[in-house]
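Visitor: No sequence on hand, only this structure:
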């Protein structure tokens, strides 16, 4: 620090002003004194053109102090900038301080400030360089990143820069990288930045933070830091070294640097070199050993710093996950913290043990602490610690202890905090399903879950238990008996009524032989809950009643009286009124045979990932999904009445009030609401053949049935996920397909009026495109129309067949969203994409938008796995000049083998491993499947990291396909 004169230190005028402010007795007096001072400063700046540096510094300090008191400052900025040109440290310091606090990043003065900063960065005085670097970091704008992104690294690796300048440069560069990562060139300085870890000065904490960030952004360029980081960590934790005594904090050597180094090592896999790996293991063992030693100080700073290093070391041990001895020792160490008096340590121990529970080497060691964790769940005062205890119980659960853990969680659920109840319910439901060796236990657990925490049982939970019961014959009778017993409780949660209504409606006949659960008793029990339920549950119960008429004809008159009651037929809820009326007609008009066909038992549901687990993982946080069971509950009546109405209309038995529903157009609309997983074939007799049902199989009869269950999610989507991707520019829609080359969903187009989202699915030569049109305005979009057109080379021999499954409505209300579904079949090889033309009116003004649908040839490609011999044998077979396309081009992105492999997989190819003799090369194989042919494609991508170039070679049985794939992939590497 330079010597500063006493006059510069004093600034007596500033001291007097601050004293006056402190002595003010009221807010008014303070404002009066400040306004007086502002007027004086303003007059000095305007009138006195000969102000010296000291005076400017004093007045700028006063302005800064006034700003910190909460008053606006609208002048003095130029004077602060002028202080930057001073050669005196104190004046320059105040100028930089004022600019860092009061000057915005978009100020007109920014160019002048940048020029002054450039002058100071090149100054031979380290203090001036440090001031400039601090200012750059404090402002940290995009403009600063662009101006100094290439200058600051030069200071960092300079042989002449002092340690303080290098420290400031490291922190400054770290801020600029976080502001604008793309403005930095990571590889150019990599080797020299890495070797900063060998520096003898202990400013390495800042350098390590920088290297850690660079390793995350460009891991390949900075992987050389691993051995140096291990060496530096070893010098810190090994007691034989004494060169760090000046950096010991409460008997812990360099704790902050140790933590940074341990975090840096977690960016890379375990070192392959035996010497480096052995040294790292030795460091970790030393850290664990030191934690077993008696504390060298009773002060909290000592324990905090020592535990900080310990927990970061444990995180690294978990990251390595290949050293059983270290994992078990880490688990035992954490187990000691579970009963520590410090709440933070208990929290961190539980959190780390959750990670250890997932390792095959330490899972058994974690289970030994089960009783301690359960006790913490019961006695812990802090809710966040109890939350981590629940997480740990969930993580350590397996088939050997599932029943005990689930029982403990259910017991605690009765008094659990409201904030964690919903998550606990999901975890109990998942564990009971995942580890259920006997599904009677699973049914008992879920029903008890509903009794204990019914308000927190989501639809996914009770939908899932119904799905499992329907799919397992051995659980149906027990489920019906158990749910019947639970419904007899005086206080019964509505979710229990829903489960009971569904299960008894399907399997009530299995327990009807017992007088205590006779058909009439079942009906009366359910109906006693009817008036206490919400309209959605009442609608479900009405569906159960019509099912009862099929199962138990002897109670048909009783149920008909309920359905024909004025309370139902004149219900204010339209849904309940319509169901009651239609079910009443269904039970009165049809024969028992037709009734049995229409109300046949639900078929098994297709096996798929539990929707409860998906909700717990929060895979789709911004979308609303309806499960298959929910779809049935909401649309069963549509199917029932659609088929029946046509039946009774043909026979002239339909009441006049329902006659308008029988035209074929209306019937088709109704039937199209049936989820595609419902098999209609058993229900449709020749009488109903005139009703045109259009699930995807009727549009393309050759489509394999296996594709249908995988595509039914489109029918359940109610809202488009908000985080599907960045919307492309509305001025350049012709390039909108580029982001969709490797993904199938996102925002296709967006402007001030409308947002167009897309979600696609492809299998073999078939595809389905779901479009979601959202009105972003408050006004209605009128005369809305969406048309798909194809640029076919030969209209008589189309390359793609397009069939519209669901048209959007002609009007979209303000803030609403509508859907449009299109089915596709690839007939032959094609290039380009279909056009989507939107026409609508907003505020009487016609609007038109033309977009490219993300239907590209690679969407119909399926990867093919093959070994090295098969690949090169096929490669040689495709050796004709017309079958190969090769391009050599400059890399547009940093060369990253794993990222390139991910792109190839997203493109549709199978990225083959252990095929090419050069491990840096990527090879892929795939088949483009069309209706008329199958086109084999092989790919070889050879990077040259030194020249930053690629050679891409594609061979295909169809030369047009090779050229097209090569041109498509070129711009993405």
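Guide: Happy to help now that I have it. Worth saying up front: this structure is predicted, and the values here are computed from it rather than measured.

Visitor: and residue 950, helix, strand or coil?
Guide: In three-state terms, and counting by DSSP: H, G, I helix; E, B strand; the rest coil, residue 950 is strand.

Visitor: ok, now residue 837?
Guide: strand.

Visitor: what bridges to it?
Guide: residue 787, residue 850 (DSSP bridges).

Visitor: Please list all residues in contact with it.
Guide: For residue 837, the contact set (C-beta atoms under 8 Å, 6 or more residues apart in numbering) comprises 786-789, 848-851. (Each C-beta comes from the backbone N, C-alpha and C, glycine too.)

Visitor: Those: which two are farthest apart?
Guide: 788 and 848 (14.8 Å; C-beta to C-beta).

Visitor: out of these two, which sits in the more crowded spot?
Guide: residue 788 (19 against 8; other C-beta atoms under 10 Å).

Visitor: My guess is that one contacts residue 824. True?
Guide: No - assessed by C-beta atoms under 8 Å, residue 788 is found out of contact with residue 824, at 9.3 Å.

Visitor: domains in the chain, as residue ranges please.
Guide: For the chain, the TED database gives the domain ranges 397-599, 738-855, 859-971.

Visitor: got those domains as TSV, with distance to residue 360 columns?
Guide: Conversion of the domains of the chain to TSV gives the following (distance: least, C-beta to C-beta, whole Å):
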stretch	distance to residue 360
domain 397-599	12
domain 738-855	33
domain 859-971	23
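
Visitor: okay, those in CSV with mean pLDDT and distance to residue 258 next?
Guide: Formatted as CSV, these follow (pLDDT from 0 to 100; distance: least, C-beta to C-beta, whole Å):
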stretch, mean pLDDT, distance to residue 258
domain 397-599, 89, 34
domain 738-855, 83, 40
domain 859-971, 87, 29
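
Visitor: any idea how far residue 559 is from residue 280?
Guide: Using C-beta to C-beta, to the nearest Å, one gets 74 Å for the distance from residue 559 to residue 280.

Visitor: ok, now residue 21?
Guide: Distance from residue 21 to residue 280, by C-beta to C-beta: 57 Å.

Visitor: In terms of neighbours, single out the busier of those two.
Guide: The neighbour comparison of residue 21 against residue 280 (other C-beta under 10 Å) goes to residue 280, with 24 against 16.

Visitor: check contacts around the closest residue to that one other than its chain neighbours.
Guide: Spatially, and ignoring its direct neighbours in sequence, residue 280 is nearest to residue 230 (4.8 Å; C-beta to C-beta, 6 or more residues apart in numbering). Contacts for residue 230 (C-beta under 8 Å, 6+ apart) come out as 265, 271, 276, 279-280, 283.

Visitor: returning to that earlier point: of all the domains of the chain, which one is nearest residue 174?
Guide: Across these, residue 174 has its closest neighbour in domain 859-971 (19.0 Å, C-beta to C-beta).

Visitor: For the closest one, measure first residue to last.
Guide: Terminal residues of domain 859-971 lie 18 Å apart, using C-alpha to C-alpha, to the nearest Å.

Visitor: and residue 902, that one's in a helix?
Guide: Yes - under three-state DSSP, residue 902 sits within a helix.

Visitor: tally of neighbours for residue 197?
Guide: 21.

Visitor: Against residue 220, how distant is the residue nearest to it when sequence neighbours are not counted?
Guide: Distance criterion C-beta to C-beta, 6+ apart; nearest residue to residue 197, sequence neighbours excluded, is residue 228 at 4.1 Å. Per C-beta to C-beta, residue 228 is found 16 Å from residue 220.

Visitor: Residue 251 now?
Guide: To residue 220, residue 251 is 39 Å away according to C-beta to C-beta.

Visitor: Then residue 585?
Guide: 71 Å.

Visitor: So which of those two has more stuff around it?
Guide: Neighbour comparison, residue 585 and residue 220: the larger count goes to residue 585, with 21 against 17 (by other C-beta under 10 Å).

Visitor: that older thread, next up, identify which helix or strand the residue nearest to residue 197 is on.
Guide: Residue 228 is located in helix 225-237, with elements delineated by DSSP states H and E.

Visitor: which residues touch the helix or strand following that helix?
Guide: Next helix or strand after helix 225-237 toward the C-terminus (DSSP H and E): strand 248-249. Outside strand 248-249, the residues within contact range by C-beta under 8 Å, 6+ apart are 254-256, 301, 305.

Visitor: Check those against residue 313 and report the nearest one.
Guide: Checking those one by one against residue 313 (C-beta to C-beta), the nearest turns out to be residue 255, at 11.5 Å.

Visitor: Show the contacting residues for that closest one.
Guide: Contact analysis of residue 255 by C-beta under 8 Å, 6+ apart lists 249, 305-306, 308-309.

Visitor: Repeat the analysis, applying 6 Å as the threshold.
Guide: By C-beta atoms under 6 Å, 6 or more residues apart in numbering, residue 255 lies in contact with 249, 305, 308-309.

Visitor: Quick check on it: phi, psi?
Guide: phi -60, psi -40 (degrees, to the nearest 10).

Visitor: If you drop the residues flanking it in sequence, what lies closest to it?
Guide: If you skip the residues right next to it in sequence, residue 255 has residue 305 as its closest partner in space, 4.0 Å away by C-beta to C-beta, 6+ apart.

Visitor: between the helix or strand containing the one you found and helix 225-237, how big is the angle?
Guide: For residue 305, the host element (DSSP H and E) is helix 300-320. Put simply, helix 300-320 runs at 150 degrees to helix 225-237, going by axes from the mean of the first three to the mean of the last three C-alpha atoms, to 10 degrees.

Visitor: which residues are in contact with whichever helix or strand comes after helix 300-320?
Guide: Per DSSP H and E, helix 300-320 leads on to helix 324-337 as the next helix or strand towards the C-terminus. The contact list for helix 324-337 (C-beta under 6 Å, 6+ apart) reads 284, 288, 314, 317, 345, 349, 352-353, 356, 359, 361-362, 365-366, 369.

Visitor: Which stretches in the stretch 751-900 of the chain count as helices?
Guide: Applying DSSP state H, counting those that start in this stretch to the stretch 751-900 of the chain gives helices spanning 868-877, 897-907.

Visitor: repeat for the stretch 151-300 of the chain
Guide: 152-156, 163-179, 190-194, 204-217, 225-237, 255-265, 274-292, 300-320.

Visitor: Can you flag the buried ones in the contacts of residue 255?
Guide: 305, 308-309 (16 or more other C-beta atoms under 10 Å).

Visitor: and which of those residues is nearest to residue 503?
Guide: Nearest to residue 503 among those, with distances taken as C-beta to C-beta, is residue 308, at 53.8 Å.

Visitor: mind listing what that closest one touches?
Guide: Applying C-beta under 6 Å, 6+ apart to residue 308 gives the contacts 255, 259.

Visitor: mind checking how far it is from residue 358?
Guide: The spacing between residue 308 and residue 358, counted by C-beta to C-beta, is 23 Å.

Visitor: Check residue 571 too.
Guide: Separation of residue 571 from residue 358 (C-beta to C-beta): 52 Å.

Visitor: if you count what's nearby, which of those two comes out ahead?
Guide: residue 571 (18 against 13).

Visitor: Does the more buried one fall in a helix, a strand, or a coil region?
Guide: Put simply, residue 571 is coil when judged by three-state DSSP.

Visitor: Identify the residues contacting it.
Guide: Contact analysis of residue 571 by C-beta under 6 Å, 6+ apart lists residue 577.

Visitor: And it, its phi and psi?
Guide: Main-chain dihedrals, residue 571, degrees, to the nearest 10: phi -70, psi 140.

Visitor: How about residue 66?
Guide: For residue 66, the backbone dihedrals (degrees, to the nearest 10) come out as phi -60, psi -40.

Visitor: which residue sits closest to it, ignoring its sequence neighbours?
Guide: Spatial nearest neighbour of residue 66, excluding adjacent residues (C-beta to C-beta, 6+ apart): residue 34 at 5.7 Å.
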